[in-house]
Every structure is written in structure tokens, then in C-alpha cells.
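For reference, the sequence and a predicted model appear below.
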Amino acid sequence: MIWIKKWSPLVLMTVFVLFLAGNTMAQDVKLGVKGGLNLSHLSIEDANDKNIIPGFHVGGFASIPVSGAFSVQPELLYSLKGTKWEQQSASFTSEVNLKLSYLELPVNLVYNLARDVDFQVGPYVGFLLGAKADSELKSGSTSINFSNELSKEHFKSTDFGLQGGMRFLLNPLYLGFTYKLGLSEVAKEDGRARPYVGDASNRSIQIYAGIAF
């Protein structure tokens, strides 16, 4: 039962895409590549702009026509997310930068509002590839950089959520943005990351450029 629950989002999306692909084989399926900036943080208590960390994403997509103004767009992306926070005491201040890298599989339902503008919404599932936390310790004029104790083994191996955004066609490029709302906790319940991030989940904005072939 645990295995089914863990992999069910990916299984459902895969079946959905294969079903649509099988019913649109004769239509014009386009392939493309995309990449851009991630602005990410975790939904920790009192999170604000100071917790945002920059990253990037890059990968490919397929555009599968369904009917009329609707199409389905599965994607395969490498995405670097994370967050940062400060810890303070009477004698020092420590800033921790947490970076989480994922292999993500989003599936968007696309509605073409106009010839050069569309809306996208759908689920995504991500598989954790790596986790790294670096800390900078400051005391007076002294600054020391070191690796934090957090690593991949302290975080859950899968992440899933919902996403939505807009895309603009500026021939031959697409320019767009996507907001990704994580629905799963990133830290293991019995791991070292739990005291730092609690039951927080991923939040990110992606700004990207892409091109279809």
C-alpha cells in the first residue's frame, strides 16, 4: 500500500498522457525545449522574500493537440529549488542555504486563449536527485563557510503538487511563467531536516523561455 500511494501520481499521469497520445497519433504533435529561472522557498512559518533562493530549470516538452483550443503538454525537467533562513544567537548569526534538485514530470492542460497566448494548469511529480545545505557563520567581522549536516537522506524522495501559468508566443520563442504549489512535505518525519523545516512543502515561480520544433 505504501508503494502504491508513493507512485500513484506518476502512474496516473503516465496513463493519462499515453491515452491522449494514442488518440492523437495522426495529429500535429510538437516537441520542444525550455529553461529558465526558479525563485523558490519552502512554506516555513513566517516565510517572506528573504527566504527565496534562486535556481534554474531545464528540459523538454511535448505539445499534444486534443480538440479545438485545448492541448496537453507533458514535460521532463531538471529543477533546482530550495530556501534559505537565518539562525541567531547572542554571539553569532548563521545563514543556511538549502538546495534541493529534482527530476520533475509535469503534465499541463493547455488552453489557447489566443493565437499567441495560452494558459496552463496541471499536476507535477518530482524525484529528489540531491540535497545540499551550506551555512555561513558570522560573528563580528569574522565569517566562516561550512557544509550543514543536512543531505539527501533526510528528505523525502518524491514531491508532488499543482502548477499553473501563462505562456506567450513571440516567434520563434515562447516566454512564460509558472507557479508551482507543492502539496507534499519535503522533510522525512524522522530525519534531521524536520527540526529545521518542519512540515513545509515546496513553493516556486519559474520564468522561462522555450522553443518548439
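On my side now, so go ahead.

Beyond the lowest-mean-pLDDT helix or strand in the chain, next helix or strand please.
Lowest by mean pLDDT, DSSP states H and E among the helices and strands of the chain is helix 2-22, with a mean of 50. Next helix or strand after helix 2-22 toward the C-terminus (DSSP states H and E): strand 30-42.

What strands flank that next one, and is each parallel or antiparallel?
Under the criterion DSSP bridges, strand 30-42 sits next to strand 53-67 (antiparallel), strand 202-212 (antiparallel) in its sheet.

Just put the ones you listed in JSON lines and tack on distance to E45 and mean pLDDT.
Glycine gets a C-beta too; all of them are placed from N, C-alpha and C. Converted to JSON lines, the strands paired with strand 30-42 look like this (distance: least, Cβ to Cβ, whole Å; pLDDT from 0 to 100):
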{"stretch": "strand 53-67", "distance to E45": "17", "mean pLDDT": "95"}
{"stretch": "strand 202-212", "distance to E45": "13", "mean pLDDT": "97"}
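
which one of those lies closest to D116?
strand 202-212 (12.9 Å; Cβ to Cβ).

distance between that closest one and the chain's centre?
Its chain's average C-alpha position is 9 Å from that of strand 202-212, according to Cα atoms, centre = their mean, to the nearest Å.

and that strand, which residues are buried?
202-204, 206, 208, 210 (16 or more other Cβ atoms under 10 Å).
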